[in-house]
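Undergrad: coords please:
(one chain, ligands or ions: 1)
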Amino acid sequence: MTDEEREGYLEFLTSRRARILARIEEAARVSGRGADQVEAIAVSKTVGVDEVVLAWRAGWRAFGENRPQELVRKLAGIESHPEMDGVRFDMIGNLQTNKINQVLGRVSLIHSVSSAHLATAISKRAEVRGHSERVLLEVNVSGEESKSGFTPEEVHSEMDDLLGMGGIEICGLMTMAPANDPDAARRTFSGLRELREQLSSESGLGLATLSCGMSDDFAIAVEEGSTLVRLGRTVFDPNHDLVTE
Ligand SMILES: *Cc1c(COP(=O)(O)O)cnc(C)c1O
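TA: Take a look at the predicted model:
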C-alpha cells in the first residue's frame with residue numbers, strides 16, 4: 001500500500017467501525033442490553049499484518065484468526081508495533097490436535113472446541129504447561145451436515161466430563177448459522193441461547209459468553225443474545241455492504 005492508500009483505507013476502517021458499533025448498539029437495545037454487553041472481534045484471516053495495524057489504529061483491539069500458522073505469522077508481524085501492546089487474538093477456526101501447541105498461551109480465547117477429543121487434547125497440553133486455557137464449546141445448533149461441533153445432546157451428556165478436565169476453563173458456547181437464511185440464523189442463535197440457559201441450570205455454570213454472529217447476520221445474533229460477534233468482511237472489505245436488517 002502507498003501512504004495515500006493506507007490513509008484512505010484507515011478512513012474506511014474508522015467510519016465502518018463506527019457504523020458497526022452503532023448497529024450493535026441498536027441490536028443490543030432490542031435484546032434489552034447495552035452495547036457494553038457485546039464484544040466484537042475483527043476477523044483478520046483474509047488480510048495481512050498491514051491491515052491489522054491499520055485496524056488497530058481505527059480502534060479495533062481484538063482480532064480472530066482461524067489457522068494457527070497464520071496466527072503465529074500475524075503475532076510475529078505485530079512485534080515491530082509496540083503501540084499494539086495488549087492486542088488480543090482469539091482462535092476461531094477448526095483446530096487440529098497437532099497444532100494446539102502453536103495456539104496455547106498465544107490467544108485470549110479458543111472459540112472452536114468442537115469435540116471431547118479436542119477438549120481432552122487441549123486440556124492435556126495446557127496442564128503440562130501449568131496453564132489454563134479459556135475456551136468455548138462449538139455447538140452445531142442448526143444441524144447442518146457441513147458444520148462441525150458438538151450436537152446439543154452431546155453437550156448435555158458430556159458437560160460433566162468436560163468440566164472435570166484440568167487446564168481448560170469453559171467460558172461459554174459458540175455457533176455458526178446457516179448462510180443466507182435470516183430466519184434459520186435467528187432460530188440458530190436463539191437455540192444457542194436456550195441451550196446455554198439449560199446448561200447453566202443443570203451445571204450451575206455461568207457460561208457467560210455466547211460467540212455468534214458474523215458479517216451478514218451479526219445484528220440478528222445480538223438481538224438474540226450474542227455477547228461476542230466475529231466480524232471479517234464487514235470490517236475489512238469496502239465491497240461488503242453493512243447489514244441493514
Ligand atoms: C471467517 C469467519 C468469521 C467471519 O466471517 P465474515 O462473514 O467475513 O464476517 C467468523 N467466524 C468464523 C469461525 C470464521 O471462520
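Undergrad: Now do the buried residues in stretch 64-79.
TA: Under the neighbour-count criterion of 16 or more other CB atoms under 10 Å, stretch 64-79 has 64, 65, 66, 67, 68, 71, 74, 75, 78 buried. Backbone N, C-alpha and C define where each C-beta goes, glycine included.
Undergrad: I'd like those as a markdown table, with pLDDT appended.
TA: Shown next, in a markdown table, are the buried residues of stretch 64-79 (pLDDT from 0 to 100):
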| residue | pLDDT |
| --- | --- |
| 64 | 98 |
| 65 | 98 |
| 66 | 98 |
| 67 | 98 |
| 68 | 98 |
| 71 | 98 |
| 74 | 98 |
| 75 | 98 |
| 78 | 97 |
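Undergrad: taking those one by one, which sit in helices?
TA: Counting by DSSP state H, those place 68, 71, 74, 75, 78 in helices.
Undergrad: in the protein, what residue is nearest the ligand?
TA: For the chain and the ligand, the shortest gap (CB to the nearest ligand atom) falls at residue 232, measuring 2.6 Å.
Undergrad: May I have the phi/psi pair for the closest residue to that residue other than its chain neighbours?
TA: Once flanking residues are discounted, residue 232 sits nearest to residue 43: 3.5 Å by CB to CB, 6 or more residues apart in numbering. Residue 43 adopts backbone torsions of phi -80, psi 110, taken as degrees, to the nearest 10.
Undergrad: Which pLDDT value goes with residue 43?
TA: For residue 43, the model assigns a pLDDT of 98.
Undergrad: about what we covered before: and the residue of the chain closest to the ligand, how many neighbours?
TA: The number of residues packed around residue 232, counting by other CB atoms under 10 Å, is 20.
Undergrad: Torsion angles phi and psi at it?
TA: The phi/psi pair for residue 232 (degrees, to the nearest 10) is phi -110, psi -80.
Undergrad: Show the contacting residues for it.
TA: Contact analysis of residue 232 by CB atoms under 8 Å, 6 or more residues apart in numbering lists 42, 43, 44, 45, 46, 64, 214, 215.
Undergrad: What's the separation between it and residue 220?
TA: Residue 232 is 17 Å from residue 220, where distance means CB to CB, to the nearest Å.
Undergrad: Which ones among the buried residues of stretch 64-79 also lie next to the ligand?
TA: With CB under 6 Å from any ligand atom as the criterion, the buried residues of stretch 64-79 include residue 66 near the ligand.
Undergrad: Get me the contact residues on the chain for the ligand.
TA: Residues of the chain lying close to the ligand by CB under 6 Å from any ligand atom are 43, 45, 66, 92-93, 214-216, 230-234.
Undergrad: Return a selection command, for use in ChimeraX, containing the buried ones of those.
TA: ChimeraX command restricting the residues of the chain next to the ligand to the buried ones, with burial defined by 16+ other CB under 10 Å:
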select :43,45,66,92,93,214,215,216,230,231,232,234
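Undergrad: Can you tell me which of the residues of the chain next to the ligand end up in strands?
TA: 43, 230, 231 (DSSP state E).
Undergrad: returning to what we had before: tell me which residues form a beta bridge with the residue nearest to residue 232?
TA: In this structure, residue 43 bridges to residue 64 when assessed by DSSP bridges.
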